[in-house]
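# Everything below, folded, please.
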Amino acid sequence: MIRNSTDSYGLVSKLLHALIAFSIIGLISLGWWMVGLSYYDAWYHTGLELHRAIGICVLLLASVFVIWKVISPSPGLQKSLKPMEKVGAKVVHIILLLSMFVVPLTGYAISTSSGSDFTFFGLFDIPALTAISDATRDLAISLHYYIAYGLIAVILLHAGAAFKHQFIDKKGTLKRMF
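As a prediction, the model looks like this:
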C-alpha cells in the first residue's frame, strides 16, 4: 500500500523515513569527522561539498515529507502507550521535524554567508540569497552545531523507544514502519 492507513505507514512514508534517517545519520557522522580536519586536508573540501549537498537533499526530502503528511496523514499513536509515552512521542517527533528544517537552513546560511554560491554534487550551484553579517553567521554556526549534536540524543531516544516498544513491551511497533 502506497498511502498510510489508520494503523500502519504506507510505502511512501517508509521510504521517506529511511532516506531521511540514513541521510541525517550520515550527515552527523560526516560532520563529526569533518570537524577534525584541517583546511589543508585533502578531504576537507570534498567532505564539505558532500555535506552541503546531502544537507540540501534532507531539506528537500523533509519538504516532501511534510507535504506527504498532509496528503496521507500518519497513523495515530498506538493506543497501548501510556500518557507520558504519548507526550514523549509527540515531542520527539516535533523536534525531529523541526530539526530537518533548522539544521539544513542554518547550514545553508553558513555556506552562503559571504554571498557566494556552493555546488550541489558538482551538478549545479545552489545560489546565495544574500550575504549575512558575521554575528548572524556565528549564530547560524552555533545553532547548526548544537542542534545537530543534540539531534544524536533525540535520534537515540526515538530509536530506543521504538525498540523498547517492539521487543520489551511486545507492541509490534516496528511492524508499522517496516
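# which one in this structure is furthest away from the centre?
Tyr40 (28.8 Å; Cα atoms, centre = their mean).
# State the number of residues packed around the nearest residue to Ile24 once chain neighbours are set aside.
Leaving out its chain neighbours, the residue that sits closest to Ile24 by Cβ to Cβ, 6 or more residues apart in numbering is Val58, at 6.2 Å. Where C-beta positions appear, they are placed from N, C-alpha and C, glycine not excepted. By the other Cβ atoms under 10 Å criterion, the neighbourhood of Val58 contains 22 residues.
# contacting residues for Val12?
Contacts for Val12 (Cβ atoms under 8 Å, 6 or more residues apart in numbering) come out as 2-3, 68, 72.
# re earlier: starting from the helix or strand the residue nearest to Ile24 falls within, tell me the next helix or strand along the chain.
In the assignment (DSSP states H and E), Val58 maps to helix 42-71. Counting by DSSP H and E, the next helix or strand C-terminal to helix 42-71 is helix 83-111.
# that older thread, so what angle separates the directions of the helix holding Val58 and helix 83-111?
Angle, helix 42-71 to helix 83-111, by axes from the mean of the first three to the mean of the last three Cα atoms, to 10 degrees: 130 degrees.
# If we go by neighbour counts, what in helix 42-71 is buried?
47-59, 61-62, 65, 68 (16 or more other Cβ atoms under 10 Å).
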